[in-house]
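Asker: what follows is a predicted structure for the sequence shown.
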Amino acid sequence: MSFLVLIIVFSILGLLLGFVAIRFKVKGNPLVEQIDKILPQTQCGQCSFPGCKPYAEAIAKGEAPINQCPPGGEAGIAALADLLGVDPLPLNEENGVEKAKMVAVIDENTCIGCKLCIQACPVDAILGTAKHMHTVIESECTGCELCIPPCPVECITMEPVHETLALWHWQKPSDTEDKAN
Amino acid sequence: MQFTTSNAPFIAPENSVQKMMLWVLIALLPGIITMIWQFGYGVLFNICIAVSTALLAEAAILYLRGKPVLPAISDLSATITALLLALSLPTLAPWWIPFVGAAIAIIIAKHLYGGLGYNPFNPAMIAFAILMVSFPKAMTVWTLPQTLQQAGFDFSSVLSIVADQLPAKEFIDAVTAATPLDELKTQLNLGKTITEIQQADIFGQYAGKGWEWVSCAYLLGGLWLMYKKVISWHIPVGLLGVLFVIALLFYLLEPGHAPSPLFHLLSGGAILGAFFIATDPVTAATTIKGRLIYASLIGLLTYIIRTWGGYPDGIAFAVIIVNMAVPTIDYYTQPRVYGHH
Amino acid sequence: MKLWRFNGGLPALAEHKNESIHLAIETAPLPKQLIYPLSQHIGAAATASVNVGDRVLGGQKIAQANGVISAPVHTASSGTVVSIAEHPIPHPSGLPAPCIIIETDELDEHLAPSPIEDFRQSPISELINIVREAGIVGLGGAAFPTATKLDVQNKSSNIQTLILNGAECEPYISCDDRLLRERAEKVIEGIDILLYILGAQQAILAIEDNSPETFKAIQKATAEYANPLISTVKIPTIYPTGGEKQLIKTLTGKEVPAGHIPADIGIVSLNVGTVYAIQQAIVEGLPLTTRIITITGDGVKKPHNLEAKIGTPIKDLIDCCNGYTSVAERLIMGGPMMGFALPTDEIPIVKASNCILAASSQEVATEKDPMPCIRCGQCASACPASLLPQQLYWLSRSDQFQKAEKLNLFDCIECGCCDIVCPSHIPLVQHFRYAKSAIKSQRLEKQSSDKARDRFEAREARLAQEKAERAERSRKKKEALKNKEKPTLATPKAPLPSDNVEN
């Protein structure tokens, strides 16, 4: 008798769960887009994927760990960990190290106008045409460094971004409280 | 002219942790003196052993953790923890009870969680609970209050008891007794009524003899702390208020079988707990409404453990259990922010 | 008059007004150089409308406003524009910004002012335009362009109450106090003008109750002016009662809803210095070129209030106070609670500079030694916005910015009450500034990474299209070749060399 009761109770619960799963299903963004929103869009390839979207897809499929993106840094890894509900991992040094944001600068004296860097830039941040001066549009440069290897005269260097009043922000107070602990 | 810069605000804070702890220390003095007067030198031994062990333990663990020792020791928080533990321990406990207790409180309950500000449980109460559960016999050696002392109770006999060189059994029996709470519980379980039980010598007019004085001394210190704004009224009023109300309820419902509310307030660790232990800022709730809920729960649990639980006094366990609920209490009692609903 | 009380605050904060309040306002002498940052207000920076080498006259516009939330800049005296370049400005970052630097001649020639006899004869839009053209911004420290604030007719809000903020709650600052003591009648006239502009039902001029002399002065002026809509009131001296939100709560019991401005609940609040500037602009036809500023602290020999020309380097103002004493340790622009420290006195004062505090090491805490948070909750009790500074601290420290934003981090007015009461001496406001700053940076980065993604995708699309076009072209070529080959089979074959050999 009690066995029958149990079966009836569990069937009802099961039906309820099924109903709830269908009725209250959350229509969210596909996971890939959510991951891609977190990635910094540098399109540098340091993660060993050809761009941020492929890396996002790999993470969503579980084929890549979340700690391969140096431009995203620790903050990016923490955000990915939060989104996916996993533990954050330290940045994988094999992919690169976290650096301050840099932009590419072309030395105009040395540039020969060969267009190789323009073809390499994933976000079209270099202005110029054949046999004419090339220049990097500072505000569009993501610091991916993909333009540096193709340049035959090595005229491109990475420099830190200009600090203007608009970009300035407060520094984190030092953690001196641990002194007394 | 050039200047160095620093950040606002530029006014020095008035308060400091050390100052707060110092006020607590001063507020405890009336209670400490009364305890020693009523219950003998054992209390002094407990205090000295606990405080020195606590400071040594803190220095050792800070050294092991690679942190500077002097600033942490001088903030007096370890001293207060040890003091509160010592005042909760039985008055003739052997020396290793305050020693082990203080070490547990500082090393395990405080520093293993991260040190000052990071521990979720009240360190003194954790130590007390561990001792209570691990060494039940040693934790019941309470002396008779001073007014009832017959045998000579001099310093050397206390010293020998504390050093675990126990004198004759008759001597022990003559100077020790169960606490009023303990006695009440045992006798109630044997079927006696309150009036019968309270005829015994150890019961004074409201609560246990000697204990009434001690509780009043703590109350004085506690009220002074409230005046000095070191603690707010919410926790003491919440704890004692709820304890009083529930005790009153059962006193009226079962007159012969439940002690009076005043008995509950003046016995055991109720006053000490309400003003000094539950108000420990690190482990108590932080929001105003949260504090009232936190203290009420402790009062409720204390009554439950005292009446139906396995231990004579419930303050220690009540505090620890409600410490667990503090993050939830804080989350649900957030104040309404200006401009929001 | 009924008053309400906001949560927390510091009733016992030492006021330090006596140092500077007893002397009358002194007119500061003309400095050798006037340095005008192009951005002295909230909103877009002004654009220079003069060139290097131009001669300018006092009251002349040297930079024009850039959009609706912006304000023009005027020079205080005659001279020559020597450069328009980057120069250190009063800002906590210490970074320079574009400034117009004018070398004054001793002539002090001015443009003729254009006063108005009776402002009630002018349409309201014209009066607001005068305020706009005069370059007036909130002089209490916020520096919001006042004309935009007054332009409420466009927003169809119904303004019932005009609040005049004379509650100088920050310690050391006494410029508004002296202004009210010495020029109360002009301030009251300014209030009258504002009542006309806003169409409000009442105006309340509030000051703290720690200054009975000032209260007598404003009561006298109000009685003499005899506009029944204007009333004066003393409010309890509790820091930060001069904060706009806290003042509104104190005087009306209403709270400005989060994310809204006071105009949305029918209230407009202005600093008394701003009101004085409005009166000067409309009645006396003068643009905003001077302001009252308190120079105080143990670090100056003669602390008192000056009527200084905006753009004056601070060192000239210090000289006017007989120079530094030997104990000057910090140079703070603003008060000790919300001001910021300056690295040098070559920096000019700007429109919103209300105080220069040359402090000794006794007067200000130069360094804090923080201990761990003991969760005492004093910070929450003191917070005038009823926030939980303790929670915000833990979240800011661990960079959990989303949670901090949820706990209303941006409602923090950075008043510093929590810092003062914290027994562990934690620099709470610094943590909150860092967190707010980091969140804003994150938003900017998000914008630029979204842009980068768009550019990347556009590039991919372009390359794919080029590839498709190339494939299409080569397919067409192949087709064309194939079609050319077909007719060749039908025509007689040309004789091969091998055929001849055979024959």
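Answerer: It's in. Values in this document were obtained by computation on a predicted structure and should not be read as measured data.

Asker: interface residues of the stretch 51-200 of chain B facing chain A?
Answerer: B:67-68, B:71-72, B:75, B:114-118 (CB under 8 Å from any CB of the partner chain). Glycine gets a C-beta too; all of them are placed from N, C-alpha and C.

Asker: strands - which of those land there?
Answerer: Counting by DSSP state E, these place none of their members in strands.

Asker: now the buried members of those.
Answerer: B:67, B:72, B:75, B:115-117 (16 or more other CB atoms under 10 Å in any protein chain shown).

Asker: which residues touch residue 110?
Answerer: Let's take chain A. A:153-155 (CB atoms under 8 Å, 6 or more residues apart in numbering or on different chains).

Asker: not quite, I wanted chain C
Answerer: C:57-59, C:77-78.

Asker: out of these, who's nearest C:Leu107?
Answerer: Nearest to C:Leu107, judged by CB to CB, of these is C:Ser78 at 5.5 Å.

Asker: and the closest one, how close does it get to chain B?
Answerer: Distance, C:Ser78 to chain B, using CB to the nearest CB, to the nearest Å: 29 Å.

Asker: with C:Cys321 instead?
Answerer: For C:Cys321 relative to chain B (CB to the nearest CB), the value is 13 Å.

Asker: what number of residues lie near that residue?
Answerer: 22 (other CB atoms under 10 Å in any protein chain shown).

Asker: over to it: give its phi and psi.
Answerer: Dihedral pair for C:Cys321: phi -100, psi 30, per degrees, to the nearest 10.

Asker: compute the distance between it and B:Leu84, please.
Answerer: Distance, C:Cys321 to B:Leu84, using CB to CB, to the nearest Å: 55 Å.

Asker: same deal with A:Gly62?
Answerer: For A:Gly62 relative to B:Leu84 (CB to CB), the value is 52 Å.

Asker: have a look at the two and say which one is more surrounded.
Answerer: Regarding A:Gly62 and B:Leu84, a neighbour count based on other CB under 10 Å identifies B:Leu84 as having more, with 25 against 8.

Asker: excluding residues flanking it in the chain, which one is nearest that one?
Answerer: Nearest non-adjacent residue to B:Leu84, counting by CB to CB, 6 or more residues apart in numbering or on different chains: B:Ala124, 4.4 Å away.

Asker: repeat that for B:Leu297.
Answerer: Counting by CB to CB, 6+ apart, the residue nearest B:Leu297 is B:Val322, at 4.6 Å.

Asker: got a list of what that neighbour touches?
Answerer: Contacts of B:Val322 by CB under 8 Å, 6+ apart are B:294, B:297-298, B:301.

Asker: cool, B:Ala109 as well?
Answerer: Contacts of B:Ala109 by CB under 8 Å, 6+ apart are B:119, B:121-123, B:126-127.

Asker: now swap in C:Thr294 and tell me
Answerer: With CB under 8 Å, 6+ apart, C:Thr294 has these contacts: C:20, C:172-175, C:303-305, C:354-356.

Asker: mind running it again at 6 Å?
Answerer: C:20, C:173-175, C:305, C:355 (CB atoms under 6 Å, 6 or more residues apart in numbering or on different chains).

Asker: ok, what's across the strand from C:Ile356?
Answerer: On DSSP bridges, the residues paired with C:Ile356 through beta bridges are C:Ile295, C:Met333.

Asker: how close does it sit to C:Thr296?
Answerer: 8 Å.

Asker: cool, and C:Lys451?
Answerer: Counting by CB to CB, the gap from C:Lys451 to C:Thr296 is 48 Å.

Asker: show me chain A divided up by domain.
Answerer: As assigned by automatic domain parsing, chain A contains the domains A:30-84, A:100-162.

Asker: output the below-cut-off pLDDT ranges for the chain.
Answerer: This is for chain A. Confidence mapping of chain A against pLDDT under 70 gives the ranges A:27-29, A:175-181.

Asker: the chain in question should be chain B.
Answerer: Filtered on pLDDT under 70, chain B yields the residue ranges B:147-153, B:165-172, B:174-175.
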